[in-house]
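*Asks:* next come a sequence and a model predicted from it.
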Amino acid sequence: TKGRGALLGLDVGRLRCGIAISDSRQSSAAALRVIPLGAKPSDGAKMAKILARVERDFGTQGVVVGWPLEKEGQVGQACQNVLKFVQAIQKAQLVKGPLTFWDERYTSVRARRHAYKARKKKTTNALLQKEDAIAAALILQSYLSEAVWEGGLELDDPEDEDEYT
């Protein structure tokens with residue numbers, strides 16, 4: 001839904017979930033906050049409530065979730081963890097907008113560099129937590145930039161070759 005309201009970006013980790021938001025024109029992303037994650041099944045419902053509140057407060061139209069592929073592009077344990085997280089969110093049926101997975105390789109490293117430069121080389125727990133929100137913003141910005149490159153249009157299913165012949 002390019003150009004039709006703000007989007008949320010998520011960087012889901014083992015301990016925290018970074019949240020970012022785009023502007024309503026979907027041209028830029030900014031770090032919003034970090035939410036600690038727990039290991040209990042009820043934590044998915046709690047996170048869904050938080051995301052639903054953010055969705056409502058900011059009028060977001062969808063969610064872009066970082067997909068942590070391995071270096072060579074394979075789906076690994078990190079992707080499986082994100083999938084479980086997303087399934088828990090979907091099970092709660094509170095988040096309304098569409099969900100999109102987006103390749104997030106190297107965003108945590110880039111986020112750490114951004115945070116490192118911004119804090120004059122001081123590493124604290126608070127700084128590490130902000131890295132998750134910065135990573136979410138980098139994931140979302142990457143998605144937004146790709147959508148601009150593609151002309152801001154929703155792409156058709158590439159499997160539907162008849163449409164192009």
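*Replies:* Cool, got the structure. Worth saying up front: this structure is predicted, and the values here are computed from it rather than measured.
*Asks:* any idea where the strands of this protein begin and end?
*Replies:* 7-12, 16-22, 29-36, 62-67, 99-103 (DSSP state E).
*Asks:* neighbouring strands of the longest one in the sheet, and parallel or not?
*Replies:* Meaning strand 29-36. strand 16-22 (antiparallel) (DSSP bridges).
*Asks:* what's near enough to touch the closest residue to K91 other than its chain neighbours?
*Replies:* Excluding the flanking residues, the one nearest K91 by Cβ to Cβ, 6 or more residues apart in numbering is G44, at 6.6 Å. No exception for glycine: its C-beta is placed from N, CA and C like everyone else's. Counting by Cβ atoms under 8 Å, 6 or more residues apart in numbering, G44 touches 85, 87-89, 91-92.
*Asks:* buried stuff in the longest helix belonging to the chain?
*Replies:* In the chain, ranked by residue count with DSSP state H as the criterion, the top helix is helix 125-149. By neighbour count with 16 or more other Cβ atoms under 10 Å, helix 125-149 contains the buried residues 129-144, 147.
*Asks:* and it, what's its mean pLDDT?
*Replies:* Taken as a whole, helix 125-149 carries a mean pLDDT of 79.
*Asks:* that one vs strand 7-12, what angle?
*Replies:* 130 degrees (axes from the mean of the first three to the mean of the last three Cα atoms, to 10 degrees).
*Asks:* which one of the contacts of G44 is nearest P98?
*Replies:* I89 (12.6 Å; Cβ to Cβ).
*Asks:* burial measure for the closest one, as a count.
*Replies:* 25 (other Cβ atoms under 10 Å).
*Asks:* repeat for K91
*Replies:* Neighbours around K91, by other Cβ under 10 Å: 12.
*Asks:* how much space separates it from Y143?
*Replies:* 24 Å (Cβ to Cβ, to the nearest Å).
*Asks:* angles on the backbone of the nearest residue to G59 once chain neighbours are set aside, please.
*Replies:* In space, G59 comes closest to G5 once its chain neighbours are excluded; the distance is 5.6 Å by Cβ to Cβ, 6+ apart. Dihedral angles of G5 (phi, psi; degrees, to the nearest 10) stand at phi 110, psi 170.
*Asks:* look up which residues are beta-bridged to G18.
*Replies:* D11, V34.
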